[in-house]
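J.: Take a look and give me a structure for this.
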Amino acid sequence: MTKTELEDIKAKIEKAGFTVHTIGRVRLIAMFGWTNRRAQDTLKELRRTFPRKAGERPYADKTKWAARPPEETLDVITEHHLRRDVKELKEQLKEAIESKDRDEAYEHFVSTVAERAQKAEIPEWLYKPRKGVKRKVTPLAFLSDAHFDEVIHPEQVNYVNAYNRRIALSRLERFFHNTIELTNDYLAGMEYDGLVMPLGGDMFSGNIHDELRQTNEDTLAGSIIYWLDPMIAGIAMLADHYGSIYIPVVVGNHPRGTPKPVHKMRVRDNFDWLFAQLLARHFNKDKRVVFNISESPDCEFRVYDKRFILTHGDQFRGGSGIAGLLSPMMIGNARKRDRQQAINSPYDYLLMGHWHQRINAMGVFVNGSLKGYDEYAFNSNFKFEAPQQTFFIVDPKWGVTITAPIHVLGSDEGWQR
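T.: Residues are numbered from 1 along each chain as shown. Now for the predicted structure:
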C-alpha cells in the first residue's frame, strides 16, 4: 500500500476522532468494510509508518491506558455477520436509488404520452367508410357429411340431436339460405366473382353397417331419387344469386357399394359419384354451374392463384388419443403434401370432411356435418358439435381470410325439449 493511500486512511481515522494508535480493528472494519485480516495488516502498517510523536505519552502510561478502552477483538462468525449486514445495506441503498429513478422516468413517460394524445389526430378513413369501393373475392361454402336418410332418435343421444328425412331437408335449406345471408348481411362491401361449393362426400348414410341398413329411412336408390330435387333447387338458387357456381366433388366412405373399402374403382363404385353425375347432367346446359367430379379420392382445384385439394378424410386414421383428430390430420396432411410436392403439384389448403368436427388449423379445413351428433359419437364420448358446415372467403391477394360456420340447426325441428 502506498504512503499516499495510508495518509488518506489516517486522515479519515483522525476525522472520526481517533488516531492510528487508538483505533481498533473492529472500527476499521466498520468504517471501510475490510476483512479482519486486512484490518489487522493495515493497522500494523499505519502504526509503523506513523510512529508516536515526540512528547506523546507511551502506551505504558497508566493514565492513558486507563482512559483508553481495551482493543476490540473479532471472531470469524461475527466478522461474517457484519460483512453480510454491510452487503445487504448496500443492496437496499442501490434498490432505493434505482426505484427512485424508475419512478421519475415513469412520471416523465406518462406526462409525455398524455401530452401527445391531446395533440393526436384521428385519420378520417378510420371512422368514415369509403363509398363505392368493393373488394372482389370468392366465397366458399363446404357441403359434406349430410348422411341423407340416416335416422337419429333424440332419446338415444340424451336429446342433444335428432335426424331424419324431414330434419335433413330443413337443414339443407338452411345451408343454402344461410350461405347467402353470410355474404349479404355479414360481409357487406365485397363483390363476389362467384361461389365455390365443394361436395366432400358422405352425402348419404349408406349400407356399410347392418344397423344403418336396418334403420335408414330409404334404400340408397330411393334416397338418390328423393334428394335430387332439393339439391337441384339449392344449386340453382345459388347460381341465381352469385352468377356462377363451381362444384368440385369427391366421394365419401359411407355410400360405397362394397362392404369394405377398396382401391380399384373406388370412386365409380360409390353412390356419391352417381349422385354428382346426375346433378351435373341436369345442369349440363347451364353455363353458370360447373362440376369437377374427381375420378380419384382427391380433387385439385384453384381459386385465383391459391391451390386447394379436396378429399373426404377417411384416408386419415387414428384420433383416439388425447389429441383427437389433430394427430391423424397433421400426419395425413404432411404425407399428402410430400406426395404432391414430389409430383410437382403442391397445394396451399386441404379441405376434408368425415370427422364431423369443424376445424381450421395450419391450412387444413375440416368440415362439420349436416346430421350432427349421432349414437356412435355419443357412445364413444366424442366432442359434441352442433350441426354446421364451413364457410370462408378467398381473397385474390391473401388467400383464405374470413372464416365462419354455416349454422343449420333450427329451433323448429320438433325434437328439442
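J.: Every contact and neighbour count from this point should use C-alpha atoms.
T.: OK.
J.: For Asn253, which three-state class applies?
T.: In the three-state summary, Asn253 is assigned as coil, counting by DSSP: H, G, I helix; E, B strand; the rest coil.
J.: any low-confidence regions in the protein?
T.: The chain contains residues with pLDDT under 70 at 54-74, 101, 106, 109-110, 113-133, 319-323.
J.: Quick check, central residue of it?
T.: Residue closest to the mean C-alpha point of the chain, counted by CA atoms, centre = their mean, is Ala361 at 8.5 Å.
J.: where does that residue fall, phi/psi-wise?
T.: Backbone torsions for Ala361, taken as degrees, to the nearest 10, come to phi -150, psi 120.
J.: What of Met362?
T.: The main-chain torsion angles of Met362 are listed as degrees, to the nearest 10 and equal phi 50, psi 50.
J.: Report the separation between it and Gly368.
T.: Between Met362 and Gly368 the distance is 17 Å, computed by CA to CA, to the nearest Å.
J.: what comes into contact with stretch 368-377?
T.: Counting by CA atoms under 8 Å, 6 or more residues apart in numbering, stretch 368-377 makes contact with 144-148, 152, 156-157, 160-163, 168, 171-172, 353, 355-359, 383-390, 408, all of which sit outside it.
J.: cool, stretch 292-300 as well?
T.: Residues contacting stretch 292-300 (CA under 8 Å, 6+ apart): 246-251, 266-268, 273, 276-277, 307-312.
J.: What segments of the chain are helices?
T.: Taking DSSP state H, the helices of the chain run over residues 3-15, 25-32, 36-49, 62-67, 76-119, 124-127, 165-181, 210-215, 220-242, 271-282, 326-342, 375-379.
J.: now the ones you listed as a markdown table including mean neighbour count and distance to Gly257?
T.: A markdown table is the format used below for these (neighbours: other CA atoms under 10 Å; distance: least, CA to CA, whole Å):
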| stretch | mean neighbour count | distance to Gly257 |
| --- | --- | --- |
| helix 3-15 | 14 | 103 |
| helix 25-32 | 17 | 96 |
| helix 36-49 | 16 | 96 |
| helix 62-67 | 11 | 118 |
| helix 76-119 | 12 | 70 |
| helix 124-127 | 8 | 58 |
| helix 165-181 | 19 | 22 |
| helix 210-215 | 12 | 13 |
| helix 220-242 | 16 | 10 |
| helix 271-282 | 19 | 7 |
| helix 326-342 | 15 | 25 |
| helix 375-379 | 13 | 22 |
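J.: returning to what we had before: and Met362 and Gly368? which has more neighbours close in?
T.: Using other CA atoms under 10 Å, the more surrounded residue of Met362 and Gly368 is Gly368, with 29 against 11.
J.: if we can go back for a sec, buried subset of the contacts of stretch 368-377, written for ChimeraX?
T.: Those of the contacts of stretch 368-377 that meet the burial criterion (16 or more other CA atoms under 10 Å) are gathered into one ChimeraX selection, given here:
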select :144,145,146,147,148,152,157,160,161,162,163,168,171,172,353,355,356,357,358,359,386,387,388,389,390,408
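J.: Strands - which of the contacts of stretch 368-377 land there?
T.: Assignment to strands by DSSP state E places the following of the contacts of stretch 368-377 there: 359, 388-390.
J.: Now for those residues: which two are most distant?
T.: Taking CA to CA as the measure, the ones in strands among the contacts of stretch 368-377 span a maximum distance of 11.3 Å, between Ile359 and Gln388.
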